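next come a sequence and a model predicted from it.
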Amino acid sequence: MNIIITKDYQELSEKACGIIEKQVNDKPDSVLGLATGGSPLGTYKQLINGCQERSVNYENVSTLNLDEYIGLDKNDPQSYHFFMKKHLFDHINIRSENTYIPNGKAVNLDVECERYEQLIDDIGPPDLQLLGIGQNGHIGFNEPGTSFQTKTHIIDLEESTRQANARFFDSLDMVPKQAITMGIQSILKSEKIVIIASGERKADAIRSLLEDEPDENMPASALRAHKHVTLIADEAAYQKA
Ligand code: GLP
């Protein structure tokens, strides 16, 4: 695993942006795997600057997002569809028909999982997958205990994950209890993976990712088996490693 340690979140975001922009400049029809949550917000801000000020071109780029809450409409401000439009897609010259996110309101969610996994194979797999990491080591919404063999599937969210994400909702009650997520195996299909972690609350997860034996109780540890992973962590997230 390549490891980049940065002094703070700003520098982390600039490094992640630099890697993504290089990918897009080198291969203008790249497929990017994208993540939500607080961690990538700074990276997305930098990417918007790059598109608007440095003419980085997303016209032929496609994106596949990791996950979506079950039961939230695409127009719900808490949905990951809405998040991606608000924080990235509405501000860069990507074609909306080239952006893919699981449909958490599908009538048949099992069929939706199969459809999305097929999309990963047909459109992707991503040339570059951006990942955050949960405090409990989850990637996408693959909670501890998820098999490393999983494809896109439905997951029951841990109470700790719902609490961690409650800051984006009006109250904890409003945080959905389930999500559709790319599986661990789906994520590992990507050519390259960049995982970002900022702040002290991620320090235990980063220490475990780097030092413990791979274990399904620590979903991110599956990344140790991948050939091209870059971890970008700020000093606060790296302090226990
Ligand atoms: C959510 C997302 C993950 C994300 C994680 C960490 O649960 N599904 O993709 O990596 O939370 O979130 P944050 O970056 O806000 O700490």
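Looks like it came in fine. Numbering: from 1, shown residues only.

contact partners of the longest helix out of those in the chain?
In terms of residue count, the longest helix belonging to the chain (DSSP state H) is helix 9-26. Helix 9-26 is touched from outside by 4, 6, 30, 32, 40-43, 45-47, 50, 54, 56-58, 61, 127-128, 130, 192, 194, 196, 198-199, 230, 232-234, with contacts defined as C-beta atoms under 8 Å, 6 or more residues apart in numbering. To be clear about C-beta, it is placed using only N, CA and C from the backbone, and glycine gets the same treatment.

distance from the chain centre to that helix, please.
The chain centroid and the centroid of helix 9-26 are separated by 15 Å under C-alpha atoms, centre = their mean, to the nearest Å.

which intervals of the chain have sub-threshold pLDDT?
Applying pLDDT under 70 to the chain flags no residue at all.

backbone phi and psi for the most centrally placed residue in it, please?
The C-alpha lying nearest the average C-alpha coordinate of the chain belongs to A35 (C-alpha atoms, centre = their mean; 2.4 Å). The phi and psi torsions at A35 (degrees, to the nearest 10) take the values phi -120, psi 160.

roughly how far does it sit from Q52?
As judged by C-beta to C-beta, to the nearest Å, A35 and Q52 stand 22 Å apart.

surely the residue nearest to the centre of the chain touches G132?
Yes: under the criterion of C-beta atoms under 8 Å, A35 makes contact with G132 at 5.0 Å.

who touches stretch 69-85?
Under C-beta under 8 Å, 6+ apart, the answer for stretch 69-85 is 34, 36, 63, 65, 67-68, 99, 101, 103-105, 109, 154, 168-169, 174, 176-180.

and those residues, which of them are in helices?
Those of the contacts of stretch 69-85 lying in helices (DSSP H): L109.

list the contacts for I120?
64, 126, 152, 182, 186, 189.

for ChimeraX, write the selection for the buried entries among the contacts of helix 9-26.
The following ChimeraX line selects those of these that are buried, judged by 16 or more other C-beta atoms under 10 Å:
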select :4,6,30,32,40,41,42,43,45,46,47,50,56,58,61,127,128,130,192,194,196,198,199,230,232,233,234
